[in-house]
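Chemist: With the input below, show me the fold.
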Amino acid sequence: MRFFLYSCKQAHRIVSEGLDRPLSVSERARLKMHLSICDACTNFNGQMQLLRKAMHKVSHDVDPTAKPDAKDRQQ
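Modeler: Have a look, this model is predicted:
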């Protein structure tokens, strides 16, 4: 069973990579197993998802037609 579980370090890496690319079925399954037993990594995953949502919202709030210095003032 130990072979199938990620370590916390591996889980953090996979959570982070999952923000940039789709995870494979195997990666998702192993991450889900790890998160089911690790509160710290579950919290980390939740924080990363909140950060992703916040960054997505901020990126949509900036006017894409604004000049670069105007975009800085909008943020």
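Chemist: alpha carbons only for contacts and neighbour counts from here, please
Modeler: Noted.
Chemist: Determine how far the helix or strand hosting Lys32 lies from the middle of the whole chain.
Modeler: Assigned by DSSP states H and E, Lys32 belongs to helix 25-37. Relative to the centre of its chain, helix 25-37 is centred 14 Å away, using CA atoms, centre = their mean, to the nearest Å.
Chemist: Please apply the same query to stretch 45-52.
Modeler: 5 Å.
Chemist: Just the CA atoms of that stretch, as CSV, please.
Modeler: The C-alpha trace of stretch 45-52 is given here as CSV (Å, rounded to 0.1, in the frame of the first residue of the first chain):
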residue,chain,number,x,y,z
ASN,A,45,-4.7,21.7,-1.5
GLY,A,46,-7.5,23.9,-0.3
GLN,A,47,-5.3,27.0,0.0
MET,A,48,-3.9,26.4,-3.5
GLN,A,49,-7.4,26.1,-5.0
LEU,A,50,-8.4,29.4,-3.2
LEU,A,51,-5.3,31.1,-4.6
ARG,A,52,-6.1,29.8,-8.1
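Chemist: ok, longest helix in the protein?
Modeler: helix 39-61 (DSSP state H).
Chemist: packing partners for that helix?
Modeler: Contacts defined by 3 or more CA pairs under 8 Å, 6 or more residues apart in numbering; DSSP states H and E place helix 39-61 against helix 8-20, helix 25-37.
Chemist: swap the cut-off to 7 Å and go again
Modeler: helix 8-20 (3 or more CA pairs under 7 Å, 6 or more residues apart in numbering; DSSP states H and E).
Chemist: picking up where we left off before, what's the average pLDDT for the helix holding Lys32?
Modeler: The average pLDDT within helix 25-37 is 96.
Chemist: do stretch 59-75 as well
Modeler: On average, stretch 59-75 scores 63.
Chemist: Number the chain from 54, please
Modeler: Right, with 54 as the first residue, what we last looked at is stretch 112-128.
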